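Enquirer: Build me a model from this:
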Amino acid sequence: MRLAPGSQPDGNPGAALLLLQALQRGGVRHLVLCPGSRSAPLAVAAALLEPRGVRLFTAVDERSAAFLALGLGRASGIPAAVITTSGSAVANLLPAAVEADHGAIPLLLLTADRPQRLKGCGANQSVNQEQFLAASVRWLGQAAAEGLASMAPAAIEDLAQRALAASLGDGVRLPPGAVHLNLPFEEPLHATGAELQVLRSQATATATATAAAAMAPEGPFLAPPDLGGLDPDRPGVVVAGPWRGRPDAWRAHAEALRRWQRRTGWPVLADGLSGLRGLEGLRLVAGYDLLLDRPRRGFDGDQVLRLGPLPASRRLQQWLQRQGGRQLLITEADPRPLDPLGLVQGQWSGGLAAWLEQWPAQRLQGGASPEALRQAETWHEAEARLQRWLDSQLGGDSLQEPLLARQLSRLLPPGLPLMLANSSPVRDWESFADPAAPARPIFGFRGASGIDGTLSIACGLAEALGQLVLLTGDLALLHDSNGWLWQRQLRGRLTVVLIDNGGGGIFEQLPIRTDPPQAMDFDRLFAMPQAVDQRALAALHGVPGRRVECLAELAEALPWALAHPLALLELRTDRRQDADLRRRLRTMAP
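Expert: Just a heads-up that it's a prediction; the model follows:
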C-alpha cells in the first residue's frame, strides 16, 4: 500500500506495511519472522510483501533467526530484517547484534513493543526491551510511544530510511552494523479478513533492482595524510587480515593489491579469512604463523601496510611488535580503531582501492627495487620450504585435523564458498590449508569469536550465495542445533562437514591440563563432551548424513553431500593426538 503524502496509515497493519515497504524500497529483500501476538501487524505486512519481491523466512527461535539474517547480510552486503514480538524474545537477538557490531555486518532488528501506557506498571510481557541491545547497535529507533499507527506516513518513512542508513554505516564515523527499531503497537493488533483483503489490493510492488547502488555508503572518505608515509621504492610487508568489506568492493580490492605488489614487490602475509589465497597474480605467504614461531634473518618489516582487522595469530602480532618502522592500517569502510597493539601511525577507512587511486601516477610506475625483491624472496623461499615440508608431514589417510584442513582445501571444487567455524577449524585452515588450492570465498565470524549461531549463519550464507560448505566442530554445531530447522525453507545448498573430537578441542591447545592429570577434571570443566548422535539429530530434521572414516572416504562422500540440498558429513578425530601433532609441527617447522 503506497499512501498519499500526509495521509494516515490504516491502523496497525497499514502502518506496519508502510514501514516494511519503505525498507524494501531501500533495498531490503529478506525478512525473518518469529512468532508473537504483539508483532502481528508486522507479520501480516511481511506476508503481503512476500509475493512482491520479499523473501520471507519463519522461525520459532529468535536467536537462530537473527543469525540467519546475519549470514544473509554478510554475503549480500544488504541488511536482512528480523521481526520479533515483545519481552524476552528481544533478549535473544543480542548474540547476533554483538557479532554484527564487531564484524561490521548490516542487520535490522524490528521488535514489537507495548505502548508507553503499559510500561512500568506491571503489565504482562512489558519489559525495558529498548535497552537490551543498546550497547551493540548503531542506532536505536523508537516509534511513537502511543504506537506506530499514530505516526504520520512521512515519519514512518523517515524511521525506515534512518534505520537503513545507520545499518550500512557511513565509512567515516560508523561501520555497518545492527540497528534496533523498537515499535510499540496499541490494540487492536489483529486485522479482520476484510481488512486484509483491502490491504492486499492496495499493496504494490517495491523495486529492489537498485538495492546495491542505493545502499552503498557514500563519502567523502577522509584523505590519508601524506598517503601514509610509505615508500614503494623501499622494502616492506603487507599484512592482510580478514576481509570485511562489501561484496561489491572485492574485485577492486584484489586488483589494487595486485597493483601494489607489482610496484613494490612486497610479500603479502595473507590471513586464512582474507579471501586472497589461491588468487592469480599474487605471491602470498600463508604459513607465517609457523614461520614466525622463532626469529628469522631477513624477516624484516621496516614498512608494514596492514589491511583490515588484525589477524588472530599471536606469533604475527609479536613479530609486528618487534618492527620499528612505519605501519599504516587501511580498512574497508570501518573507521573504528582496529589496532589493539597500538603500532599504526595512521589509519584510513576508505579502502585499499581508493587509497591507491590517490597516489600520483608517476609514483606507481615501474617495478620493485632490487632491495625489496631480495627481501621478498627471503619470505617466499621460506614459504615454499615450509609448504613442501608440510606436504611430507601431513600424509596418509587418517583423520587428523591439520591433515583434514590441507586435504579439504584441495578437494572442494574451485570457487565453492566455505565458512569456517570458530575455535579449531578456522585456526587449522590458517596454518595448514594448502595455499596453492583453488581460490574461493571464505567466511569466518571472528568479530566476537564465539560459536553462537554457527549453523544458522551458514544457512544464511548458503541462501544468499546459492551454495556453501560449513566446516565446524561438534560443540559449535550442537550449540545451534535449531539451525537444522531451516532445512525446509532453504533454497541454497549447504554441506556441513563436522569434526567431532568429543568436546572443545581448542582447549587441548591451551596450557590448561595439569600434571598430574587427576588434579583437575579437564573434560568436565573445559572440553565438555556431549553424548549426542549428531547424524541422528540431523536426521530428525530430515537432513541426510554420512559417517566418514578416512580421507579416501571423504573424497567419495563430498560429491554425494554436495548434490543434496542440505547434508551432514561426520568425521571423528582424537583431540589430544591432534593437539600433540600441532605442537610437533610448530616445533619442527623448517
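
Enquirer: buried stuff in the helix or strand containing residue 557?
Expert: Here residue 557, judged by DSSP states H and E, is contained in helix 551-562. Residues of helix 551-562 classed as buried: 551, 553-554, 557-558, 561-562 (neighbour count, 16 or more other C-beta atoms under 10 Å). Where C-beta positions appear, they are placed from N, C-alpha and C, glycine not excepted.

Enquirer: What helices and strands are in contact with that helix?
Expert: Helix 551-562 sits against helix 401-411, strand 493-500, strand 545-548, strand 566-572, with contacts defined as 3 or more C-beta pairs under 8 Å, 6 or more residues apart in numbering; DSSP states H and E.

Enquirer: Quick check: residue 139 is in a strand.
Expert: Yes. Counting by DSSP: H, G, I helix; E, B strand; the rest coil, residue 139 falls inside a strand.

Enquirer: burial count for it?
Expert: Around residue 139 there are 15 other residues, counting by other C-beta atoms under 10 Å.

Enquirer: Mind jotting down where the helices sit in the stretch 1-150 of the chain?
Expert: In the stretch 1-150 of the chain, the helices defined using DSSP state H, counting those that start in this stretch lie at 11-25, 40-49, 62-76, 88-91, 94-103.

Enquirer: Let me have these in CSV, extended by mean neighbour count, mean pLDDT and distance to residue 198.
Expert: Shown next, in CSV, are the helices of the stretch 1-150 of the chain (neighbours: other C-beta atoms under 10 Å; pLDDT from 0 to 100; distance: least, C-beta to C-beta, whole Å):
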stretch, mean neighbour count, mean pLDDT, distance to residue 198
helix 11-25, 25, 94, 9
helix 40-49, 23, 94, 11
helix 62-76, 28, 98, 29
helix 88-91, 19, 95, 29
helix 94-103, 24, 96, 35
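
Enquirer: domain ranges for this structure?
Expert: Domains of the chain are assigned by automatic domain parsing as 11-202, 231-384, 394-588.

Enquirer: out of the ones you listed, deepest packed?
Expert: Comparing those by mean neighbour count (mean count of other C-beta atoms under 10 Å), domain 11-202 ranks first with a mean of 21.

Enquirer: any idea how far stretch 278-293 is from the chain center?
Expert: 22 Å (C-alpha atoms, centre = their mean, to the nearest Å).

Enquirer: Determine how far the last residue of that stretch lies from the first.
Expert: 24 Å (C-alpha to C-alpha, to the nearest Å).

Enquirer: contacts for it?
Expert: For stretch 278-293, the external contacting residues (C-beta atoms under 8 Å, 6 or more residues apart in numbering) are 254, 257-258, 261, 267-270, 272, 276-277, 299, 313, 315-316, 318-319, 376, 379-380, 382-383, 386-387, 390, 430-431, 433, 435-440, 585-587, 589.

Enquirer: Residue 83 is in contact with residue 66, correct?
Expert: No. Residue 66 is beyond contact range of residue 83, at 10.7 Å (criterion: C-beta atoms under 8 Å).

Enquirer: who touches both of the two?
Expert: With C-beta under 8 Å, 6+ apart as the test, residue 66 and residue 83 both reach residue 32.

Enquirer: Contact partners for residue 298?
Expert: By C-beta under 8 Å, 6+ apart, the residues touching residue 298 are 375, 378-379.

Enquirer: what does residue 22 give?
Expert: Residue 22 touches 156-157, 159-161, counting by C-beta under 8 Å, 6+ apart.

Enquirer: can I get those in TSV with secondary structure?
Expert: Formatted as TSV, these follow (three-state DSSP):
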residue	secondary structure
156	helix
157	helix
159	helix
160	helix
161	helix
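
Enquirer: Out of those, flag the one nearest to residue 542.
Expert: residue 160 (36.6 Å; C-beta to C-beta).

Enquirer: From what I see, that closest one and residue 27 are in contact.
Expert: No. Contact criterion C-beta under 8 Å: residue 160 and residue 27 do not qualify, at 11.0 Å.

Enquirer: quick one: which of the contacts of residue 22 is nearest to residue 487?
Expert: Nearest to residue 487 among the contacts of residue 22 is residue 160, at 31.7 Å by C-beta to C-beta.

Enquirer: Now do the closest one, the pLDDT please.
Expert: The model reports residue 160 with a pLDDT of 97.

Enquirer: Could you do the one 3 residues further on as well?
Expert: What the model reports as pLDDT for residue 163 is 98.

Enquirer: can you check residue 314 too?
Expert: 92.

Enquirer: sorry, back to before: and the helix holding residue 557 with helix 401-411, angle?
Expert: 50 degrees (axes from the mean of the first three to the mean of the last three C-alpha atoms, to 10 degrees).

Enquirer: Now do helix 551-562: everything it contacts.
Expert: By C-beta under 8 Å, 6+ apart, the residues outside helix 551-562 that reach it are 396-399, 403-404, 407-408, 411-413, 416, 467, 469, 493, 495, 497, 546, 548, 567-569, 571.

Enquirer: next one: the lengthiest helix in the chain to chain centre, how far?
Expert: Scanning the chain for the longest helix, with DSSP state H as the assignment, gives helix 370-393. Taking C-alpha atoms, centre = their mean, the mean C-alpha location of helix 370-393 is offset from the chain mean by 31 Å.

Enquirer: tell me which strands and helices it is in contact with?
Expert: strand 284-285, helix 288-291, helix 575-588.

Enquirer: Please convert those to JSON lines, extending it with distance to residue 369 and mean pLDDT.
Expert: Formatted as JSON lines, the helices and strands packed on helix 370-393 follow (distance: least, C-beta to C-beta, whole Å; pLDDT from 0 to 100):
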{"stretch": "strand 284-285", "distance to residue 369": "19", "mean pLDDT": "97"}
{"stretch": "helix 288-291", "distance to residue 369": "23", "mean pLDDT": "94"}
{"stretch": "helix 575-588", "distance to residue 369": "34", "mean pLDDT": "92"}
